[in-house]
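Engineer: no sequence for this one, just the structure:
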């Protein structure tokens, strides 16, 4: 049996102690600082039998002691007695017990023998003190069992906590876990200290998943985390890659001002770096400095490594300067991370300087760092430096060149010495490569050749290397096919189908049979080279010799079939790929979406997109552009908006095509706020706006009356430097001002247009006619008409319709000025107008002339022109002619779907009619209802009039506003529907009563007093 540590320093002490007295132990106040130290254990249990009668008296009268201080000579026997009863003596005694327990055999008997000295009435504080300073977990467990038998069970959780601490200090998490399970079995409820100890133990043992497991158990025991657990859990979540939880706890720690140590910040930086959230790395680092936490070298090295992965050499350089300024000495890891950052970012001078500094400090450069340097030199053309570094590597004694080293050197020579017109220099790179390869031939294997070829970048150099090794090594047939495949893959990466085809032909010439990978590589090469016809040709040749498509080929062939518009084969192969669970890439799916878009099958485009997400394929910007292009053709702006939102949510950055498609879609759909918001986003992201997009924005603003916005956009356009106003730009602005009757602004833009070298076109002149007509400047309308003729422009149907619209707004005394213009612009229209203005008789001739007119004009102008003619009739108080024109419009199907009937409702739809045409249709409809009622026909339960809810394009008034007033004038029972904007409804009973109270001719007569308040022209 090992002898335990002595229990007392006194030379006369024995192996046991007696505790006959149970009086409370009291310290005598004195000037000795030693006796005034606060106790760390129970001082209520007497330590020894005190023989001094004076001390007994003092113990019996503690109240008198509190009033008097007694000085005792430290060297006197009494002082020694006092020391034996002091807290320090108790502490020393319990410490020796702990040491004895640490060094004794881990058996119940030995532990009990040592602890029996405390007696049966063991105080909790003494037990905690002993367990807290023990270091042997085996004997600590036995001591815990002993104390559990002596101490109230309510206090057992404290004993378990300090025992767990012993296991934590020796990094024995398994022991901690077993102790926790024992706690639960014994019915001891863990507290915050328990979980804090377990979580910190898991963290110290590098078991973050265990820390997370116990942290997530805490709520089930009613325990809430506190500031002591937070740092461990932030680190645990960060280490296990659970970024959301790590950052959530980190934000809470900042908000509640909990202490977060350097190790936690380092773990967060590393987590962000692994997740490639490099901005997040810098954010955490800046937080660290703001919070006053000093970084250590682990922090700096972790941050430098992240910046190296991100190729952020400037950030890495700034961080390294902070390392030096903070007084730290860079370590090997610091230099390695810095060298990685400089090499990846191709910061040649900085990388070579760091390499030189490492050599001067005697730091070893491993093969990975050497190869980074060679890779950089190959890209930036540091031939001399690369040769020098290569010699350093061979003579270093710590590492030797590997095949990646040779690959980088071959790449360097082939990339920077072969492109020359001089034959002598042209052979130079081949000589250099041959020199490098000569040293390898004796010890290189077929697998090493494949490795070197696979690491190369230039396909032509790889072809030379392939032929070199073919002349030196006797390849097996299988391995030779692989070397060709690897080299063909380089041509695929370079999108050089011509070079790949030559190498493929060489392969066939040498009698080497291509395998499935060969054909797959060639098919993919043709696809990425933009040669879908070649891809299809190779695929069908591949199928003819027995090779089936697989996961490697399917995407390329789907792409090829889609690009060649072979819908059936593309779709069949796509369906097979889904069934076989082959990998389908974003390029193939993008091609399918474009194929269906061109075919006008827009629902299929959306279906393919949904399937793409279900397959787990991340859409590319090209995918989104094709999809938005389809939505543009389909005029589905709501779907496009949702697609764009998804695009931004998954982190795909839009390009110019994205913005252009979406902006055109919004402007076409007159989605003003969306279009202007997107325009602002383009400006913020530095995306150039073309003249065409500026014009689309201005056209939309003209349609929506966004005058101030249009002025701002016009100013942006002139200041952009990349796009300048063209004739369309000025036309849209003039149209916008004309519609709102702002004559001076319209004339100002016209002058600027002429000064910029653009002559006004018929579109501009039509807008000016509308503008002058709106403000009743008839002479200026005539002036514009004459100018049009002088410019040799033939008035088109739009222009004639505009003249007619102006006539409806012109005082009757000035009609002659405009009717002459109309007669010159369009003789047939002039004849019809003359019938109306001059009140000519002859209904048959009028209908005939009108039919000829309407059949002779463009389809898109027929409805506006017919609207204007009816409005002119209303203005001239010739309701019969208005009815004739409405009848002709219905007969010629210019007006369609004006009426609808169901068993429950009859409706009149007027929202595409002018005010005059709508009023005429209303009164005709009312007459028809009266006649139906007189003939005994039953009316439906509900009658309705749909005027639409929008305002007129050229006026602040809408048709609904005019109708509401007119229906009141007619004393009609129609009421505005509260839940259907733009609808006026009436019940059957109310309609019958009203219709019976009025005559059949009263309706048409009501037109005679109608004044047109809204223009009818809609260009």
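Structural biologist: Okay, I see it. Note that this is a predicted model, so its numbers are computed, not measured.
Engineer: can you pull out the helices in the stretch 601-750 of the chain?
Structural biologist: Assigned by DSSP state H, counting those that start in this stretch, the stretch 601-750 of the chain shows helices spanning 602-614, 621-634, 637-649, 656-668, 672-684, 691-704, 707-720, 727-739, 743-755.
Engineer: Flag every buried residue along the fifth one.
Structural biologist: By 16 or more other Cβ atoms under 10 Å, the buried positions in helix 672-684 come out as 672, 674-676, 678-679, 682. In short, each C-beta sits where N, CA and C put it, glycine included.
Engineer: Next, the angle from that helix to helix 691-704.
Structural biologist: 150 degrees (axes from the mean of the first three to the mean of the last three Cα atoms, to 10 degrees).
Engineer: and the helix or strand harbouring residue 518, what's its mean pLDDT?
Structural biologist: Here residue 518 sits within helix 516-528, counting by DSSP states H and E. What helix 516-528 shows for mean pLDDT is 86.
Engineer: contact partners of it?
Structural biologist: 481, 484-485, 488-489, 491-492, 495-497, 500-501, 504, 507, 514, 532, 534-535, 538-539, 541-542, 547, 550, 552-553, 556-557, 559-560, 587 (Cβ atoms under 8 Å, 6 or more residues apart in numbering).
Engineer: returning to what we had before: same list, the buried residues of helix 672-684, but as JSON lines with pLDDT and distance to residue 924 please.
Structural biologist: Formatted as JSON lines, these follow (pLDDT from 0 to 100; distance: Cβ to Cβ, whole Å):
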{"residue": "672", "pLDDT": "91", "distance to residue 924": "37"}
{"residue": "674", "pLDDT": "93", "distance to residue 924": "40"}
{"residue": "675", "pLDDT": "94", "distance to residue 924": "40"}
{"residue": "676", "pLDDT": "94", "distance to residue 924": "43"}
{"residue": "678", "pLDDT": "93", "distance to residue 924": "46"}
{"residue": "679", "pLDDT": "93", "distance to residue 924": "46"}
{"residue": "682", "pLDDT": "92", "distance to residue 924": "51"}
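Engineer: Dump those into CSV; add distance to residue 214 as well.
Structural biologist: CSV is the format used below for the buried residues of helix 672-684 (distance: Cβ to Cβ, whole Å):
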residue, distance to residue 214
672, 56
674, 50
675, 54
676, 54
678, 50
679, 53
682, 51
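Engineer: Identify, from those residues, the entry nearest to residue 880.
Structural biologist: Among the buried residues of helix 672-684, residue 672 lies closest to residue 880 (Cβ to Cβ), at 42.6 Å.
Engineer: unless I'm mixing things up, the closest one is touching residue 710, no?
Structural biologist: No: contact criterion Cβ atoms under 8 Å: residue 672 and residue 710 do not qualify, at 10.8 Å.
Engineer: any shared contact partners between the two?
Structural biologist: With Cβ under 8 Å, 6+ apart as the test, residue 672 and residue 710 both reach residue 701.
Engineer: Can you pull out the low-pLDDT segments for the stretch 801-950 of the chain?
Structural biologist: 842-843, 950 (pLDDT under 70).
Engineer: Going along the chain, name the helices of it.
Structural biologist: Counting by DSSP H, counting those that start in this stretch, the helices of the stretch 801-950 of the chain are 815-825, 827-837, 843-856, 859-875, 879-891, 915-934.
Engineer: Out of those, indicate the one that is most buried.
Structural biologist: Among these, helix 859-875 has the highest mean neighbour count (mean count of other Cβ atoms under 10 Å), at a mean of 23.
Engineer: Select, out of the helices of the stretch 601-750 of the chain, the one closest to residue 885.
Structural biologist: The nearest among the helices of the stretch 601-750 of the chain, by Cβ to Cβ, is helix 727-739 at 25.4 Å.
Engineer: how close does the residue nearest to residue 605 when sequence neighbours are not counted get to residue 602?
Structural biologist: Nearest residue to residue 605, sequence neighbours excluded (Cβ to Cβ, 6 or more residues apart in numbering): residue 630, at 4.2 Å. Taken as Cβ to Cβ, to the nearest Å, the spacing of residue 630 relative to residue 602 amounts to 5 Å.
Engineer: what's the answer for residue 572, then?
Structural biologist: Counting by Cβ to Cβ - residue 572 and residue 602 are separated by 21 Å.
Engineer: Among those two, which residue is more densely surrounded?
Structural biologist: The residue with more neighbours, out of residue 572 and residue 602, is residue 602; 20 against 13, by other Cβ atoms under 10 Å.
Engineer: returning to what we had before: so who does the residue nearest to residue 605 touch?
Structural biologist: 593-594, 596-597, 602, 605 are the contacts of residue 630 under Cβ under 8 Å, 6+ apart.
Engineer: for the stretch 51-200 of the chain, which spans come out with low pLDDT?
Structural biologist: Ranges of the stretch 51-200 of the chain meeting pLDDT under 70: 51-87.
Engineer: please redo it, this time with the cut-off set to 90
Structural biologist: Along the stretch 51-200 of the chain, segments meeting pLDDT under 90 span 51-103, 105-133, 135-163, 167-171, 173, 176-177, 180, 182-189, 192-200.
Engineer: So which residues of it form helices?
Structural biologist: 53-60, 62-65, 77-84, 87-103, 108-115, 124-133, 137-150, 156-169, 173-185, 192-204.
Engineer: okay if I get those as a markdown table plus mean neighbour count and distance to residue 994?
Structural biologist: Output for the helices of the stretch 51-200 of the chain, formatted as a markdown table (neighbours: other Cβ atoms under 10 Å; distance: least, Cβ to Cβ, whole Å):
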| stretch | mean neighbour count | distance to residue 994 |
| --- | --- | --- |
| helix 53-60 | 12 | 115 |
| helix 62-65 | 11 | 109 |
| helix 77-84 | 16 | 117 |
| helix 87-103 | 19 | 106 |
| helix 108-115 | 18 | 108 |
| helix 124-133 | 21 | 97 |
| helix 137-150 | 20 | 98 |
| helix 156-169 | 21 | 88 |
| helix 173-185 | 17 | 85 |
| helix 192-204 | 22 | 81 |
